[in-house]
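Asker: Okay, structure incoming, though there's no sequence with it:
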C-alpha cells in the first residue's frame, strides 16, 4: 500500500516532514525577495523624504540670504543674540557661526596663501519637518575679483560682466535695472539702413557715395568710425513719481530708460531710438519701481569705441520726485562675447587700445539742470569704468604697463583713481573701497558674489563637513 493510499484511508493525516520543508523553502524563495523589496522601498522613501526636507531647508536658507548683504550676514552669524533672520531661529537647535578656519582650505594656487574673497557660515541642528540637519553656506566673490586660475571661461579678465550678471538676475528686485541687449543696438543700425522700399536721409547719402548694402552689413559696433563721420549714444535714465507707495506712505520712483543714437555721415545726421519694423524702440522703457528715499539705479551697457564717438549716460530726476534722499548708481560696461555677436568681439590687443581712449560722460540732472547729487553724503557710484577690460593677465603677459585712463566724468568733473575727487566712487573689481584706496583690514569689500548652500546629515559640522555626508547643494549669485 502506498503513502497516498494510506492518506486516503486516514483523512486526518498531514504533510510529511520533507513536504513541509519543501513548502517552507518555496515560500521563503517567494517571500524573502518581496520582503527585501518592501524594506528597500521603505529605505528609499525615507531617504527621499530626508532629501526633500534637506532641499526645502537649503531653499529656505538661500531665500533668507538674498535679503542681506555680506556685512549683515556676518553680523547675524557672529552675534545671533542681536537678531538672526536668515531663517526662523526657532528652527535652530544648535548654533550659528562664521567658520573662520575654513578659508584656509581654499588656497590660491599661485601664492599658496589662503584665498581672499571667500566666507563660510554654519548652522547646526536645524529642524525641518521632524528631522535635524547641519548646513554650510559658502560665499565666494573670487570670480569677480582680481584675475587668477580660479576663473572660468573669462580667461583671467577682471570683472568682465558676462550674460550671467548682465541679465540682472542677481540684482535686488527693489533696484531699477537697465541691461543693454545686443538686439537693441542692432535695431539702431537697422533704422539707419531700413529694408526696401523704406529710406532715410543717411541711407540715401551713403548710397549716393557708393556705399552698398553689402558694405553696410559689414559694419558692426567695433568699426563704426570706419563709415560714419561721428556717432553719439545717449542712455537717459528718468526717475519719476510712482503711483506705488512704501510702507511709510511715501511715493516710490518709476525708472524708465530712453536710448538714443545719433549717426552722422558727411553732414547728414539721423537720430534714432530703434527700429519700428523689428518692434524694438527704446523710449521710456520701464525698468522697475525703486524705493522713494534711496534710489538704487543699475546700468549695464556695451561701450562704443572709436575716434569720433561719444558715450553719454544721463540720470534725470523729475521735479515730482520730492522725497529722494540719496542716489546710488551702479554703472558697468560689458564686453561683447561670441555668444552675443561674434563679429563684434575685439582681440585683447584691440580692446586694450580701444579702452585707453574711451571715456563715458555721466550727467546727473534735476529736470534740465545739473542735480544736487554731487554731495558726497547723497551720491555714490559703483563702476568698472576705471578698469581696462582687456584684462590685467593679458597686459602682464605682454609685458605691458598700462596706466588706467581717466574714463569717467560726472557733471563735467573728472573722477580720477587717486581719490582726489572726494566722492563716494567705488571700483567694480570686487572692492567697495574708494578708487585708489585699499580696504581696511577685516572690511567686507565684495560687491558681487556666488552663494552655495549645502545641507548635511546632523553631526557633520563636528566632523568638518565631510563630502560624503552632504545631502544637497544649491547655488545662486547676489550683488551686495
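Answerer: Happy to help now that I have it. Nothing here was measured: the structure is a model prediction, and the numbers come from that model.

Asker: is it true that residue 203 lies in a strand?
Answerer: No - secondary structure assignment places residue 203 outside any strand; it is helix (DSSP: H, G, I helix; E, B strand; the rest coil).

Asker: Can you verify my assumption that it contacts residue 190?
Answerer: No - using CB atoms under 8 Å, residue 203 is not in contact with residue 190; the gap is 10.9 Å. Heads up, the C-betas are built off the backbone N, CA and C, glycines and all.

Asker: And the helices in this structure, which stretches?
Answerer: Counting by DSSP state H, the chain has helices at residues 3-9, 17-65, 70-78, 163-166, 182-192, 201-208, 213-217, 338-341, 348-356, 392-397.

Asker: What is the longest one packed up against?
Answerer: Spelled out, it's helix 17-65. In terms of contact count using 3 or more CB pairs under 8 Å, 6 or more residues apart in numbering; DSSP states H and E, helix 17-65 is assigned the packing partners strand 118-128, strand 131-140, strand 448-457, strand 470-479.

Asker: Mind putting these into a markdown table with mean neighbour count?
Answerer: A markdown table is the format used below for the helices and strands packed on helix 17-65 (neighbours: other CB atoms under 10 Å):
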| stretch | mean neighbour count |
| --- | --- |
| strand 118-128 | 21 |
| strand 131-140 | 22 |
| strand 448-457 | 22 |
| strand 470-479 | 17 |
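
Asker: which one of these lies closest to residue 239?
Answerer: When the helices and strands packed on helix 17-65 are compared for distance to residue 239 using CB to CB, the nearest one is strand 470-479, at 19.9 Å.

Asker: and the angle for that closest one with strand 448-457?
Answerer: Interaxial angle of strand 470-479 relative to strand 448-457 (axes from the mean of the first three to the mean of the last three CA atoms, to 10 degrees): 160 degrees.

Asker: So which elements touch strand 470-479?
Answerer: Using 3+ CB pairs under 8 Å, 6+ apart as the contact definition, the elements that strand 470-479 packs against are helix 17-65, strand 448-457.

Asker: Show me the strands paired with that strand, marking each as parallel or antiparallel.
Answerer: Sheet neighbours of strand 470-479, with direction, are listed as strand 448-457 (antiparallel) (DSSP bridges).

Asker: Now do the domain split for this structure, please.
Answerer: The chain resolves into domains spanning 1-141+446-480, 169-440 when parsed by automatic domain parsing.

Asker: and the last one, average pLDDT?
Answerer: Meaning domain 169-440. Over the span of domain 169-440, the pLDDT mean works out to 79.

Asker: how far is it from where the chain is centred?
Answerer: 18 Å (CA atoms, centre = their mean, to the nearest Å).

Asker: same question, the first one
Answerer: Taking the mean of its C-alpha atoms, domain 1-141+446-480 sits 29 Å from the chain's own mean (CA atoms, centre = their mean).

Asker: Nearest residue to residue 449 in space, ignoring adjacent ones along the chain?
Answerer: Across the structure, with CB to CB, 6 or more residues apart in numbering as the measure, the residue nearest residue 449 apart from its sequence neighbours is residue 141 (3.8 Å).

Asker: could you measure the one you found against residue 98, distance?
Answerer: As for residue 141, its distance to residue 98 is 15 Å (criterion: CB to CB, to the nearest Å).

Asker: Compare these two (neighbour count), which wins?
Answerer: Neighbours were counted for residue 141 and for residue 98 using other CB atoms under 10 Å; residue 141 has more, 24 against 19.

Asker: just the helices and strands packed on strand 470-479: most buried one?
Answerer: Neighbour counts averaged per stretch over these are highest for strand 448-457, at a mean of 22; criterion: mean count of other CB atoms under 10 Å.

Asker: returning to what we had before: which stretch among the helices and strands packed on strand 470-479 comes nearest residue 102?
Answerer: When the helices and strands packed on strand 470-479 are compared by CB to CB, strand 448-457 sits nearest residue 102, at 11.9 Å.

Asker: partners of residue 449 in the sheet?
Answerer: residue 478.

Asker: Quick check: the gap between it and residue 117.
Answerer: Residue 449 sits at a distance of 8 Å from residue 117 (criterion: CB to CB).

Asker: Please enumerate the shared neighbours of the two.
Answerer: The contact sets of residue 449 and residue 117 overlap at 140-141 (CB atoms under 8 Å, 6 or more residues apart in numbering).

Asker: since we're on residue 360, how many residues are nearby?
Answerer: When neighbours are counted by other CB under 10 Å, residue 360 registers 20.

Asker: Okay, and the beta partners of it?
Answerer: Here residue 360 sits in beta bridges with residue 311, residue 408, going by DSSP bridges.

Asker: contacting residues around it?
Answerer: For residue 360, the contacting residues are 303, 311-313, 331, 333, 385, 407-409, taking CB under 8 Å, 6+ apart as the criterion.

Asker: Now that we have the residues you listed, which of them are buried?
Answerer: If you count burial by 16 or more other CB atoms under 10 Å, the buried members of these come out as 303, 311, 313, 331, 333, 385, 407-408.

Asker: Now do the spatially closest residue to residue 383 that is not a sequence neighbour against residue 95, distance only.
Answerer: On the basis of CB to CB, 6+ apart, the spatially nearest residue to residue 383 that is not a chain neighbour turns out to be residue 331, at 4.5 Å. From residue 331 over to residue 95 the distance is 41 Å, taken as CB to CB.

Asker: Same check on residue 453?
Answerer: When CB to CB is applied, the distance between residue 453 and residue 95 equals 17 Å.

Asker: count of neighbours near residue 75?
Answerer: Around residue 75 sit 16 other residues, with neighbours defined as other CB under 10 Å.

Asker: residue contacts, it?
Answerer: With CB under 8 Å, 6+ apart, residue 75 has these contacts: residue 82.

Asker: cool, residue 265 as well?
Answerer: 202, 205-206, 227-229 are the contacts of residue 265 under CB under 8 Å, 6+ apart.

Asker: what's the answer for residue 262, then?
Answerer: When contacts are counted by CB under 8 Å, 6+ apart, residue 262 is found next to 230-234, 269-271.

Asker: run the last query once more with 7 Å
Answerer: Applying CB atoms under 7 Å, 6 or more residues apart in numbering to residue 262 gives the contacts 231-232, 269, 271.

Asker: Now neighbour count and distance to residue 298 too, for those residues, in TSV please.
Answerer: Supplementary listing: the contacts of residue 262 in TSV, determined by neighbours: other CB atoms under 10 Å; distance: CB to CB, whole Å:
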residue	neighbour count	distance to residue 298
231	21	25
232	17	23
269	15	31
271	12	26
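
Asker: Strands of the stretch 301-450 of the chain, residue ranges please.
Answerer: Counting by DSSP state E, counting those that start in this stretch, residue ranges of the strands within the stretch 301-450 of the chain are 309-317, 326-333, 360-366, 369-370, 379-383, 408-410, 413-414, 424-427, 448-457.

Asker: out of the ones you listed, nearest to residue 185?
Answerer: Judged by CB to CB, the one of those that comes nearest to residue 185 is strand 309-317, at 12.5 Å.

Asker: Need the contact partners of that closest one.
Answerer: Applying CB under 7 Å, 6+ apart, the external contacts of strand 309-317 come out as 224-225, 231-239, 297, 299, 303-304, 324, 329, 331, 360-366, 371.

Asker: Can you name the residues bridging to residue 132?
Answerer: Applying DSSP bridges, one finds that residue 132 bridges with residue 127.
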